[in-house]
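Asker: Just to be clear, the model below is a prediction. Sequence and coordinates:
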Number of protein chains: 2
Amino acid sequence: MNSKKPSRQDARERILDVSEELFANASFASVSVRNVTTRADVNLSAVNYYFGSKQGLFQAVYVRRATLMNHERLQLLHEADERAQAAGCDVSLRELISAMLTPPIFWLCDQEKGYSVYIRFLARAYLEEASDMSNVLRQEVDVFDRFVPYFKKIKSGLSEEDIYWHIHFMMGVMHHTINHLHRISLLSHKACAVESGEQLRDRLVNFCCDGF
Amino acid sequence: MNSKKPSRQDARERILDVSEELFANASFASVSVRNVTTRADVNLSAVNYYFGSKQGLFQAVYVRRATLMNHERLQLLHEADERAQAAGCDVSLRELISAMLTPPIFWLCDQEKGYSVYIRFLARAYLEEASDMSNVLRQEVDVFDRFVPYFKKIKSGLSEEDIYWHIHFMMGVMHHTINHLHRISLLSHKACAVESGEQLRDRLVNFCCDGF
DNA sequence: TAGCGTTCTAAACGTATGTTTTAAACGTTG
DNA sequence: CAACGTTTAAAACATACGTTTAGAACGCTA
């Protein structure tokens, strides 16, 4: 019976899903509210009803999954820390880097859920100066600060400054991989194809480990 | 006499300068033609007069300096090659990577000319799927193809696929550094500041050399 | 100076945008 | 059923957009 008209509350969810995808593929300004509402099959004014404004929608898309991803990072860090303590040694560089990169890369390669789209959305949100995303960065900064002591411990030869630079570079590799994953085949004249999440993660982690 | 009204042809140049800067800081769609013409102090229709359309303007901004930058890269490669031949050895990995990264990084840190702005524009152009920038990439691909044989020779243990992935990652580090240079101070709680072009280049080259 | 192509100006065009408004439909609670 | 708060609907709002047009101003050459 109620198969045609979807139930109430998931209109909001559908808007988030659709706009997550649109914002992942194009800039904030070039995605119109009408574009979103048409594809989400809701009324034009639904965006302003649920999110107050287009800006509000953008932030809502971000918030919906950001906390979860950073939680996954900290969880991996925590597990690595426990393993290290049990073995009586330090957390390895590889584990640290892997903890930072695995969640976004795995999400990126996740076929089932909408996580893949979100990761591309995130990488693009970094570029949207206009849509006040300072809080986007703040949350990530907090997470990274939890990692820094570990880096310091096992890379005592590096200054704190060096460590921040390296984290900065790592994020660069990751974001670029995310944003331009489809271009690797063009760059390589189709020699390279997009691989599994594990392979891609390992490639990235190797590259960044050696860079440190 | 003619100090007040600028001479003829530099209206076109002023439009390019202004839009280069605006496109470097915001997305294609969020920069309006009126925005450009107002800041360039020219009539609204000047953009369409000189460049046909807003798209045409965007491409013109790209073309103006792209060839020069890629020429600089190839020039550095050529010089390194000559040095190597004179010494009877191979071009070092460091020199190869340096040849790829030095031009954009030096331009980025160049204070005098408008090159700094252009580099940020370039990094953003990569993201503009909408504004058909396939030719942007094509030219870079051609340049990289000139580098690949050198990489192959000195890193015979790597497959061609590996090399393309590494180039891909290098571009990621570079573009992210370019796009988010100002954020390193936020990330590091102001421990890191933007340094000189040489220092920044060396940091990047070191990171990428080790990653290879 | 007269003519002519180039450059600049002002105004208007049609369309698309984000948002607001007014009211209808809905679903739960009394 | 009646009343209420929530959600959806259609229409209109004012504004901003890229582009076009028609003509004036300019600078050069004959």
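Answerer: Thanks, I have the structure now. Numbers count the residues shown, from 1 in each chain, chains lettered A, B, ... in the order given.
Asker: use CA for all of it now, contacts and neighbours both
Answerer: Noted.
Asker: Spit out the contact partners of A:Arg65.
Answerer: A:Arg65 sits next to A:Tyr118 when contact means Cα atoms under 8 Å, 6 or more residues apart in numbering or on different chains.
Asker: again, only this time at 10 Å
Answerer: With contact taken as Cα atoms under 10 Å, 6 or more residues apart in numbering or on different chains, A:Arg65 is in contact with A:115, A:118-119, A:122.
Asker: so A:Lys153 is in which element?
Answerer: Using DSSP states H and E, A:Lys153 sits within helix A:134-154.
Asker: Run through the neighbouring helices and strands of that helix.
Answerer: helix A:54-87, helix A:93-109, helix A:115-125, helix A:160-179, helix B:184-187 (3 or more Cα pairs under 10 Å, 6 or more residues apart in numbering or on different chains; DSSP states H and E).
Asker: Any idea which of these gets closest to A:Ala24?
Answerer: Closest to A:Ala24 of the helices and strands packed on helix A:134-154 is helix A:115-125 (Cα to Cα; 3.8 Å).
Asker: Could you confirm whether the closest one reaches chain B?
Answerer: Yes: under the criterion of Cα under 10 Å from any Cα of the partner chain, chain B is reached by helix A:115-125 at A:Arg124.
Asker: what pLDDT, on average, does that helix get?
Answerer: Helix A:115-125 carries an average pLDDT of 84.
Asker: So which residue is dead centre in chain A?
Answerer: The structure's chain A has its C-alpha centroid closest to A:Ile119; by Cα atoms, centre = their mean the separation is 3.8 Å.
Asker: quick revisit: same list, the helices and strands packed on helix A:134-154, but as a markdown table with distance to A:Phe147 please.
Answerer: Converted to a markdown table, these look like this (distance: least, Cα to Cα, whole Å):
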| stretch | distance to A:Phe147 |
| --- | --- |
| helix A:54-87 | 8 |
| helix A:93-109 | 7 |
| helix A:115-125 | 21 |
| helix A:160-179 | 10 |
| helix B:184-187 | 12 |
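Asker: Which of the ones you listed sits closest to DNA strand D?
Answerer: For DNA strand D, the closest of those is helix A:54-87, at 14.2 Å, according to Cα to the nearest atom of the strand.
Asker: And the average pLDDT for that closest one is what?
Answerer: 92.
Asker: For it, list every residue counted as buried.
Answerer: A:54-55, A:57-59, A:61-62, A:66, A:69-70, A:72-74, A:76-77, A:80-81 (16 or more other Cα atoms under 10 Å in any protein chain shown).
Asker: next one: stretch A:198-212 to chain centre, how far?
Answerer: Taking Cα atoms, centre = their mean, to the nearest Å, the mean C-alpha location of stretch A:198-212 is offset from the chain mean by 17 Å.
Asker: still on that earlier bit, and the helices and strands packed on helix A:134-154: which comes nearest DNA strand C?
Answerer: Among the helices and strands packed on helix A:134-154, helix A:54-87 sits nearest to DNA strand C (Cα to the nearest atom of the strand), with 3.8 Å.
Asker: That closest one near DNA strand D at all?
Answerer: No: using Cα under 7 Å from any atom of the strand, helix A:54-87 stays clear of DNA strand D, with a minimum separation of 14.2 Å.
Asker: now that helix: how far from the chain's centre is it?
Answerer: 10 Å.
Asker: Also compute the angle for it relative to helix A:134-154, please.
Answerer: 20 degrees (axes from the mean of the first three to the mean of the last three Cα atoms, to 10 degrees).
Asker: Next, the angle from helix A:54-87 to helix A:93-109.
Answerer: 140 degrees.
Asker: So helix A:54-87, near DNA strand C or not?
Answerer: Yes: with Cα under 7 Å from any atom of the strand as the criterion, DNA strand C is reached by helix A:54-87 at A:54-55.
Asker: now do stretch A:27-44
Answerer: Yes: residues of stretch A:27-44 are located near DNA strand C by Cα under 7 Å from any atom of the strand, namely A:29, A:31-35, A:44.
Asker: how about the residue nearest to the centre of chain A, what does it touch?
Answerer: A:20, A:24, A:62, A:65-66, A:69, A:103-109, A:125, A:175, A:178-179.
Asker: near chain B, from the buried residues of helix A:54-87?
Answerer: Counting by Cα under 10 Å from any Cα, no member of the buried residues of helix A:54-87 reaches chain B.
Asker: What about A:His175, how many residues nearby?
Answerer: 25 (other Cα atoms under 10 Å in any protein chain shown).
Asker: Can you verify my assumption that it contacts A:Leu204?
Answerer: No: the pair A:His175 and A:Leu204 fails to qualify as a contact (Cα atoms under 10 Å) at a distance of 11.1 Å.
Asker: Need the overlap of contacts for those two.
Answerer: A:105, B:169.
Asker: circling back to that earlier point, cross the residues of stretch A:27-44 next to DNA strand C against helices and list the overlap.
Answerer: Taking DSSP state H as the definition of helices, these contribute A:33-35.
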